[in-house]
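K.L.:
Build me a model from this:
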Amino acid sequence: MFFLILAAALLPAGLSAPVADCDTLTRRVQIRGLDQFLGVWTYAAESTNMPGSKILTKTFVDNVWGKIYPANESDSFFVFQVQKMFGRCYSVTSKLTLVNNTLHMEHPISATEVLITTSCPDCILLLSNYTLGESVYRGIQLLTRRAKVTTAEMDEFKRQVACLDLPSPAILDADKGFCSDGSASKDTETTDLTSMLSQADPEYMKALDNLLSSQGGIKTILQFIAS
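P.N.:
So this is what the prediction gives:
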């Protein structure tokens, strides 16, 4: 689900988890079945070690929501993900397949995801490895059935991020209003990026990875988007 370039916010002091707690906080859990993923989710927060994601998300991304629905195969589902950026809406659809307690995705990017424990009763916590160009990155996402999680639930997520040695998380802003699904109103315009990402030339993805890995590259991307 890491199609969107998300940022990290400053982790408040005192929230890092004691070493003894990290095994518990980052325990992998069994996927009971695909039904537990189906429905509508709000992306509450995310952390990734992809260089350059911090400033891009802080500058441009408001919020993200997703709708997960069954595929024809019993071991797969589709994820329709909608991002609000610049006050506009952008969507990406992906397909994930469950194999040996791990979710696998090939398009628009290659990724694997596993479930991590959380005390939030209506949340899922996804730990991912995904490839951009020639680089492999790690990330973790907190999804909830609600518009937002509680302060205690977010504090737990921040401790889990610290345990995984990832940058402090980007917390998305549900108060700015979510995009619709693109079908509720003729006035809603959602740009679908699925084909563009799936058909992107490998050399382009490699060049994008190189840009995101350097300060000069990030400056170039910011200038391009701003123009």
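K.L.:
Strands of this protein, start to end?
P.N.:
Counting by DSSP state E, one finds strands in the chain at the ranges 39-48, 61-70, 76-85, 88-99, 102-105, 111-116, 123-132, 135-144, 170-171, 190-192.
K.L.:
Give me the sheet partners of the third one and which way each runs.
P.N.:
Think strand 76-85. Applying DSSP bridges to the sheet, strand 76-85 is found paired with strand 61-70 (antiparallel), strand 88-99 (antiparallel).
K.L.:
before we move on, what about the shortest one?
P.N.:
As defined by DSSP bridges, the strand partners of strand 170-171 come to strand 39-48 (antiparallel).
K.L.:
buried ones in the strand it pairs with?
P.N.:
Neighbour-count burial for strand 39-48 flags 41, 42, 43, 44, 45, 46, 47, 48 (criterion: 16 or more other Cβ atoms under 10 Å). Placement of C-beta: from N, CA and C, glycine included.
K.L.:
Between those residues, which sits nearest residue 32?
P.N.:
residue 41 (16.6 Å; Cβ to Cβ).
K.L.:
Now stretch 145-159: average pLDDT?
P.N.:
For stretch 145-159, mean pLDDT rounds to 95.
K.L.:
My error: substitute stretch 109-128 in the last question.
P.N.:
95.
K.L.:
And stretch 96-104, by the same measure?
P.N.:
For stretch 96-104, the per-residue pLDDT values average out at 96.
K.L.:
Start and end of that stretch, how far apart?
P.N.:
End-to-end span of stretch 96-104 (Cα to Cα, to the nearest Å): 5 Å.
K.L.:
do the same with stretch 170-190
P.N.:
From its first residue to its last, stretch 170-190 covers 23 Å (Cα to Cα).
K.L.:
mind checking pLDDT for residue 194?
P.N.:
At residue 194, pLDDT is 81.
K.L.:
Tell me how many other residues surround it.
P.N.:
16 (other Cβ atoms under 10 Å).
K.L.:
from here on, count from 12
P.N.:
Got it, first residue is 12 now, which makes that one residue 205.
K.L.:
Can you give me the distance of it to residue 60?
P.N.:
In this view, residue 205 and residue 60 are 25 Å apart by Cβ to Cβ, to the nearest Å.
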